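K.L.:
Turn this into a model:
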Amino acid sequence: MNANLLSLSRMALGDDFSRQAAQFLGESPAGTQSAVSSLLPVVLGTIAQKGATSQGASGLMSLIGGANLDTSSLGNVAGLFGSGSAGMRSLLKTGTNTLVPSLFGDKSGAVVNALSSASGIKKTSATTLIAMIVPLVLTWLKKFIGDKGLNAGSLSTLLAGQGPNLKGAVDSRITSALGFSSLAAFLGGLGRQSVDTAQRAGATIAGGATAATAAARSPLTRWLPWLIAAVVLFVLWNLLMGKPTPLPENAPMVSVSATNSTTTAAAAFLPAKVYFDVGAAAIDVDGSAKIAAVAEAVKKNNLKVTVTGYTDRTGDLAQNQELARSRAAGVRDALKTAGIAETSIEIKEPMLVEIGAAGADAQARHVEIGRQ
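P.N.:
Numbers count the residues shown, from 1 in each chain. Take a look at the predicted model:
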């Protein structure tokens with residue numbers, strides 16, 4: 001049975017979490033309890049949607065690993081609410097600057113408004129509560145992944161199966177703020193990803209059965225087509241060269257190295273682009289997934305890459321260029337975290353992109369990873 005992450009995360013926060021949060025925020029216990037109850041399923045649902053594929057789960061694991069989340073803090077969540085707690089300050093900073101933008105993107109403000117309206121707490125309190133709960137949930141998920149020894153594949157399967165656990169707990173007012181027309185649309189998208197995961201698993205099983213059948217064949221049956229092909233190629237070669245030399249007895253087969261073609265194919269995905277929200281330098285889950293995929297290919301093929309920040313020509317040029325540099329530095333750091341040596345990464349100066357058709361400004365807000 002798939003683990004119920006909503007139930008487990010509630011247990012990790014503790015029964016007294018809402019009361020402590022209410023005192024910290026200066027809100028009523030009832031309003032804060034309502035806000036926590038509305039927010040937690042949406043946070044987990046959004047995490048599940050972003051990580052319900054192997055690539056998305058890789059990006060999620062990369063995001064969690066690079067966010068400096070202290071799993072030991074979960075042993076004393078109440079201590080985070082202590083007067084002048086450095087742990088709470090660090091938690092809120094990480095949530096505000098990195099994790100909330102990565103999870104909700106440009107919908108963060110709409111989520112704040114919806115949460116405030118749904119629960120009756122102030123917008124400033126809703127902002128703080130979101131910045132508190134998102135990193136706490138991701139910290140708990142980081143610990144859960146480590147405790148269970150999950151990889152990207154098993155994590156994606158776990159997340160893809162959370163739809164039934166979230167059904168009935170998700171607040172439609174908040175999912176509407178995220179751009180979903182209905183609860184069915186929010187959970188239905190997760191359901192389709194779950195089906196896709198199951199189909200991939202079925203394909204893997206079918207592939208394994210095919211491989212097992214092939215392995216059961218006799219060596220002669222498996223190699224006969226290759227032997228025939230080798231003979232035909234040898235005869236054609238001699239005919240074309242005008243040397244109809246008979247095929248030598250016990251002639252050795254010739255293997256051709258595929259190293260160069262493999263490297264070329266693996267590098268074909270470059271350049272890769274990581275996109276950013278307006279005015280933001282935080283790498284979202286999709287960007288983290290792309291960086292993780294790039295890093296794996298770079299390590300596998302021993303490549304060197306360039307990192308270039310791009311900006312449009314609107315607004316203040318100097319500020320845009322500095323933002324582009326910050327984004328490029330963030331991508332470089334993410335590549336380093338993924339195991340790429342700094343000597344294999346070259347940061348180039350920001351490039352300007354002319355604004356043309358509608359949407360070009362959004363396309364301009366990116367960092368490009370290219371091959372040196």
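K.L.:
so is Thr308 in a helix, a strand, or just coil?
P.N.:
Under DSSP: H, G, I helix; E, B strand; the rest coil, Thr308 falls in the strand class.
K.L.:
Let me know the distance separating it from Ser7.
P.N.:
45 Å (Cβ to Cβ, to the nearest Å). For glycine as for every other residue, the C-beta is placed from the backbone atoms N, C-alpha and C.
K.L.:
swap in Ala35?
P.N.:
As for Ala35, its distance to Ser7 is 19 Å (criterion: Cβ to Cβ).
K.L.:
quick one: which of these two has more around it?
P.N.:
Neighbour totals were compared for Ala35 and Ser7, and Ala35 leads with 27 against 11 (other Cβ atoms under 10 Å).
K.L.:
And that one, how far from Ser85?
P.N.:
From Ala35 to Ser85 the distance is 20 Å (Cβ to Cβ).
K.L.:
ranges for the strands of the protein?
P.N.:
Here the chain has its strands, by DSSP state E, at 272-275, 305-312, 345-353, 366-371.
K.L.:
got a markdown table for those, with mean pLDDT and distance to Ala318 too?
P.N.:
Shown next, in a markdown table, are those (pLDDT from 0 to 100; distance: least, Cβ to Cβ, whole Å):
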| stretch | mean pLDDT | distance to Ala318 |
| --- | --- | --- |
| strand 272-275 | 88 | 22 |
| strand 305-312 | 88 | 10 |
| strand 345-353 | 83 | 11 |
| strand 366-371 | 91 | 18 |
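K.L.:
Nearest to Ser62 among the ones you listed would be which one?
P.N.:
Each of the strands of the chain has some distance to Ser62 by Cβ to Cβ; the shortest is strand 272-275, at 12.0 Å.
K.L.:
Burial check on Gly75, number of neighbours?
P.N.:
Using other Cβ under 10 Å, the number of residues around Gly75 comes to 9.
K.L.:
Spit out the contact partners of the residue lying closest to Asn97 once chain neighbours are set aside.
P.N.:
Excluding the flanking residues, the one nearest Asn97 by Cβ to Cβ, 6 or more residues apart in numbering is Ala282, at 6.5 Å. When contacts are counted by Cβ atoms under 8 Å, 6 or more residues apart in numbering, Ala282 is found next to 97-98, 101-102, 276, 330.
K.L.:
let's see 7 Å
P.N.:
For Ala282, the contact set (Cβ atoms under 7 Å, 6 or more residues apart in numbering) comprises 97-98, 101-102.
K.L.:
Of the residues you listed - the most surrounded one?
P.N.:
Ser102 leads these on contacts (other Cβ under 10 Å) with 25 neighbours.
K.L.:
Pretty sure that residue sits against Gly287.
P.N.:
No. Counting by Cβ atoms under 7 Å, Ser102 stays clear of Gly287, with 8.1 Å between them.
K.L.:
Quick check, Val294 in contact with Gly370.
P.N.:
No. Contact between Val294 and Gly370 fails when scored by Cβ under 7 Å: they sit 10.3 Å apart.
K.L.:
between those two, who's got more neighbours?
P.N.:
Taking other Cβ under 10 Å, Val294 and Gly370 do not tie; Val294 has more neighbours (23 against 15).
K.L.:
Can you show me the helices along the stretch 101-250 of the chain?
P.N.:
Remark: helices assigned in the stretch 101-250 of the chain by DSSP state H, counting those that start in this stretch are 108-119, 123-148, 152-160, 163-166, 172-177, 183-216, 219-241.
K.L.:
Lowest average pLDDT across the ones you listed?
P.N.:
Between those, the lowest average pLDDT goes to helix 183-216, which shows a mean of 49.
K.L.:
can you list the residues that contact stretch 290-299?
P.N.:
Residues contacting stretch 290-299 (Cβ under 7 Å, 6+ apart): 55, 58-59, 62, 266, 269, 272, 274, 305, 331, 334-335, 338-340, 369.
K.L.:
Compare those residues and tell me which is most surrounded.
P.N.:
Highest neighbour count within the contacts of stretch 290-299: Val331, with 29 neighbours (other Cβ under 10 Å).
K.L.:
Next one: that one from Pro271, what distance?
P.N.:
12 Å.
K.L.:
who touches both of the two?
P.N.:
Ile369.
K.L.:
contacting residues around the residue minimising distance to the centre of the chain?
P.N.:
Geometric centre of the chain, nearest residue: Gly59, 2.3 Å, by Cα atoms, centre = their mean. Each residue near Gly59 by Cβ under 7 Å, 6+ apart is listed here: 285-286, 288-289, 292.
K.L.:
of all these, which comes closest to Ser125?
P.N.:
Nearest to Ser125 among the contacts of Gly59: Val285, at 25.9 Å, using Cβ to Cβ.
K.L.:
Tell me how many other residues crowd that closest one.
P.N.:
Quick note: Val285 (other Cβ under 10 Å) scores 23 neighbours.
K.L.:
residue contacts, it?
P.N.:
Applying Cβ under 7 Å, 6+ apart, one finds that Val285 lies in contact with 50, 56, 59-60, 63, 102.
K.L.:
Same question for Thr311.
P.N.:
Applying Cβ under 7 Å, 6+ apart to Thr311 gives the contacts 320-321, 323-324, 350, 352-353, 364.
K.L.:
Of these, just the buried ones, ChimeraX syntax please.
P.N.:
Selecting only the buried entries of the contacts of Thr311 in ChimeraX, with 16 or more other Cβ atoms under 10 Å as the criterion:
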select :320,321,323,324,350,353,364
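K.L.:
Which of the contacts of Thr311 sits closest to Ala30?
P.N.:
Leu323 (41.7 Å).
K.L.:
correct me, but that closest one touches Asp277?
P.N.:
No. Between Leu323 and Asp277 there is no contact, the gap being 11.2 Å when judged by Cβ under 7 Å.
K.L.:
What is the nearest of the contacts of Val285 to Lys167?
P.N.:
For these, the nearest to Lys167 is Lys50 (18.6 Å; Cβ to Cβ).
K.L.:
Many thanks, I have nothing further to ask.
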